[in-house]
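>>> below is the sequence, then the predicted model.
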Amino acid sequence: MEGISRTRAALLITFLVIMWGVNWPLTKIALQYTPPILFAGIRTVLGGLLLLIVAIPRRHLLRFKQTWHIYVISSLLNIVLYYGLQTVGLKYLPAGLFSVIVFLQPVLLGILSWAWLGESMYGLKVAGLVLGFAGVAVISGGSLSGHLSVVGVLLALGSAVAWALGTAYVKKTSETVDSIWLVTVQLIIGGLAMTALGSGVESWSSIVWNVPFISILAFIAVFVIAAGWLVFFILIGSGEASKVASYTFLIPLISILIGTIFLHEPFTMYLLAGLVLIVVSIYFVNRPRKMSSLYDPQVESSL
């Protein structure tokens, strides 16, 4: 990756995978105590307010008048649609399964990064993206045979599409806006929008403000949302978007493991087969391209 060392990149990716992996089962638990849309709004607003501490010293980089449309579009895709659809959808599907379907995102982002951002696309990378898609399809197909909610699957797919579009858009506009301000503002705008929507269709009195809920809310706001999104966009801005995103295929592994152990969600052969395909896909997408092919005149002339 450009801009940051391999060691730092590895540490950031490890943090991101663990935090975003535990997010799904934690959110599933939190939904026992709160309506989904209000919870989506509250946690993202809190995450955005926490990031203000980091962003305010950089206030000269905000440039809101010139770039407000970027903040709004990013908020709609990465916060309102992504978090809104996932939080509602988790009421219909197990956390592990839902997270696996959402992580079609790296496959979609790989395609968008090639078509829209001009990133390279070669045989091994294509194979990796296809295997990632196949892994998700195997897991989803096996689960659907168990008569799980079609609504939940559609919400998960919608969340994946929104996140892929949002990430590609952020990468496209990364030189126009400051990354820290982008994460901060999109969380606040998107969080306020979902809180307002939740206030209209749900009841604040339905929230049970007990220790488990408050603890989960605080953890998600600080580590999953504020720190997680900041790390994600640092990584996206420092290397190829499709390669960085391919590592997020690992996140469902964490989610499924926790869901199986603590939430007693089923672990099937479909899950195992799909996870094997996903791990292989990560290797293919991130394996360095052979230098000989880059300088082969015949290869170059065929492009």
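Arrived safely. What you see is a predicted model; the values in this text were computed from it and never measured.
>>> which parts of stretch 189-205 are buried?
189, 190, 191, 192, 193, 194, 195, 197, 198, 202 (16 or more other Cβ atoms under 10 Å). Glycine gets a C-beta too; all of them are placed from N, C-alpha and C.
>>> do stretch 212-231 as well
213, 216-217, 219-231.
>>> residue 156: which of the buried residues of stretch 189-205 is nearest?
residue 194 (17.8 Å; Cβ to Cβ).
>>> the closest one contacts residue 82, correct?
No. Residue 194 lies out of contact with residue 82 (Cβ atoms under 8 Å); the separation is 10.7 Å.
>>> follow-up on the earlier one: just the buried residues of stretch 212-231: which are in strands?
Among the buried residues of stretch 212-231, DSSP state E puts none in strands.
>>> count the residues that sit near residue 268.
14 (other Cβ atoms under 10 Å).
>>> for it, grab phi and psi.
Phi and psi for residue 268, reported as degrees, to the nearest 10, are phi -110, psi 170.
>>> gap between it and residue 21?
Look at residue 268 and residue 21: by Cβ to Cβ, to the nearest Å, they are 19 Å apart.
>>> repeat that for residue 164.
19 Å.
>>> okay, and which of the buried residues of stretch 189-205 map to helices?
189, 190, 191, 192, 193, 194, 195, 197, 198 (DSSP state H).
>>> make JSON lines out of these and add distance to residue 107.
Output for these, formatted as JSON lines (distance: Cβ to Cβ, whole Å):
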{"residue": "189", "distance to residue 107": "28"}
{"residue": "190", "distance to residue 107": "24"}
{"residue": "191", "distance to residue 107": "28"}
{"residue": "192", "distance to residue 107": "31"}
{"residue": "193", "distance to residue 107": "28"}
{"residue": "194", "distance to residue 107": "27"}
{"residue": "195", "distance to residue 107": "32"}
{"residue": "197", "distance to residue 107": "29"}
{"residue": "198", "distance to residue 107": "31"}
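>>> which of the residues you listed lies closest to residue 103?
Nearest member of these to residue 103, counting by Cβ to Cβ, is residue 190, at 20.5 Å.
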